[in-house]
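> Pasting the sequence and the predicted model now:
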Amino acid sequence: MTGIEVPSAVIEVARSARSVAVLTGAGVSAESGVPTFRDAQTGLWSNFDPADLASPEGWARDSDLVWGWYQWRAQLVRRSEPNAGHLALTEWQQRVHLDIATQNVDDLHERAGSTVIAHVHGSLFDPRCSECGLHSQPEPDPFDERSDRVPPPSCPDCGGEMRPGAVWFGEPLPETEWTAAVEAVESADLVLVVGTSGVVFPFAGLPAMARSTGATVVEINPVETEISDMADFRWRTTAATGLPALVDSLR
């Protein structure tokens, strides 16, 4: 047992739910040591605005710089491990119909053994060609942490520059991923919103969508967020603490 008390109302709705949707954000990965998007500006990167690096304009200005930043972020993820929250969702997913849609561009859910139906903001590990759009998995670049510039690999199909697979500012969400997230929320009895600040739309609109279709919304976050007023229940704890306790209580 985890030693943390789970709110009885949360246990009740979780036990009765036939279909669960879990929406995860940066707070889940932060507990594995992955810096959040804006907190990741350290060392060589401290003089750069992440919004400039995560944009089509930034790519057009200096693709070597942008590719280098994303390679650095990918290295941080490769050194991290799934935490107890990731592992708890994997266990829970083996017992009930549970869909995971995430804002996170890492692969920690998958490395914990979970199936993720949607990476709505893309993935660090799914680069695509900036010219023809082909998705490819080039070998990880040898990464020199003393340098901030790494030339992008070439597309195996057309020879164009491969670009990071994350969704940039000003770009639409991938349609297939977004549709999967919406369908999961609309069909769920219970929607857990875990570790997200609720400021990035349209993902932040999913809890309201869940409420409108009759689902119970539970927020798991140590602090008040922009979407707290959309939740039926607000549990002020972290993912790595609360999710294992919840799953333990359902055994």
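Now that the structure is in, tell me what you want to look at.
> tell me which strands and helices the lowest-mean-pLDDT helix or strand in the chain is in contact with?
The helix or strand of the chain with the poorest confidence is helix 50-53; it has a mean of 81 (mean pLDDT, DSSP states H and E). The contact analysis (3 or more C-beta pairs under 8 Å, 6 or more residues apart in numbering; DSSP states H and E) places helix 50-53 against helix 63-78. In this view, the C-beta of every residue, glycine as well, is placed from N, C-alpha and C.
> for Val105, helix, strand, or coil?
coil (DSSP: H, G, I helix; E, B strand; the rest coil).
> Show the pLDDT at it.
Looking at Val105, its pLDDT stands at 96.
> so it sits right up against His121, yeah?
Yes. If you go by C-beta atoms under 8 Å, Val105 and His121 touch, sitting 5.8 Å apart.
> ok, so what distance separates the spatially most central residue of the chain from Ser80?
Residue closest to the average C-alpha location in the chain (C-alpha atoms, centre = their mean): Asn104, at 1.8 Å. For Asn104, the distance to Ser80 equals 11 Å [C-beta to C-beta, to the nearest Å].
> Need the residues touching each of these two.
Ser29 (C-beta atoms under 8 Å, 6 or more residues apart in numbering).
> Need the nearest residue in space to Val200, chain neighbours excluded.
Gln103 (6.8 Å; C-beta to C-beta, 6 or more residues apart in numbering).
> Isn't that neighbour up against Phe201?
No. Using C-beta under 8 Å, Gln103 makes no contact with Phe201, being 11.1 Å away.
> and the helix or strand harbouring Ser29, how far from the chain's centre?
Taking DSSP states H and E as the definition, Ser29 sits inside helix 26-30. Centroid separation for helix 26-30 versus its chain: 8 Å, with C-alpha atoms, centre = their mean, to the nearest Å.
> Using CSV, list the CA coordinates for it.
Output in CSV follows, covering the C-alpha atoms of helix 26-30 (Å, rounded to 0.1, in the frame of the first residue of the first chain):
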residue,chain,number,x,y,z
ALA,A,26,4.0,17.7,-18.3
GLY,A,27,3.6,17.2,-14.6
VAL,A,28,3.5,13.4,-15.1
SER,A,29,6.9,13.4,-16.9
ALA,A,30,8.4,16.0,-14.6
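> And that helix, what's buried?
26-30 (16 or more other C-beta atoms under 10 Å).
> circling back: mind giving me the packing neighbours of the helix or strand following the least confident helix or strand of the chain?
As assigned by DSSP H and E, the chain's next helix or strand after helix 50-53 is helix 56-61. Packing partners of helix 56-61 (3+ C-beta pairs under 8 Å, 6+ apart): helix 63-78.
> Now do the helix it packs on, average pLDDT.
Rounded mean pLDDT across helix 63-78 is 91.
> Quick check: buried residues in that helix?
Applying 16+ other C-beta under 10 Å to helix 63-78 flags 63, 65-74, 76-77 as buried.
> Equivalent analysis for stretch 75-88, please.
So, applying 16+ other C-beta under 10 Å, buried residues of stretch 75-88: 76-77, 80, 82-88.
> Could you point out which of the residues you listed is nearest to Pro127?
Nearest to Pro127 out of these is Val77 (C-beta to C-beta; 14.0 Å).
> Can you name the residues that contact the closest one?
29, 34, 106-108, 124.
> what do you get if the cut-off is 10 Å, keeping everything else the same?
With contact set as C-beta atoms under 10 Å, 6 or more residues apart in numbering, Val77 has these partners: 29, 32-35, 104-108, 111, 124-125.
> Glu5 too?
By C-beta under 10 Å, 6+ apart, the residues touching Glu5 are 237, 245, 249.
> Many thanks, we can stop here.
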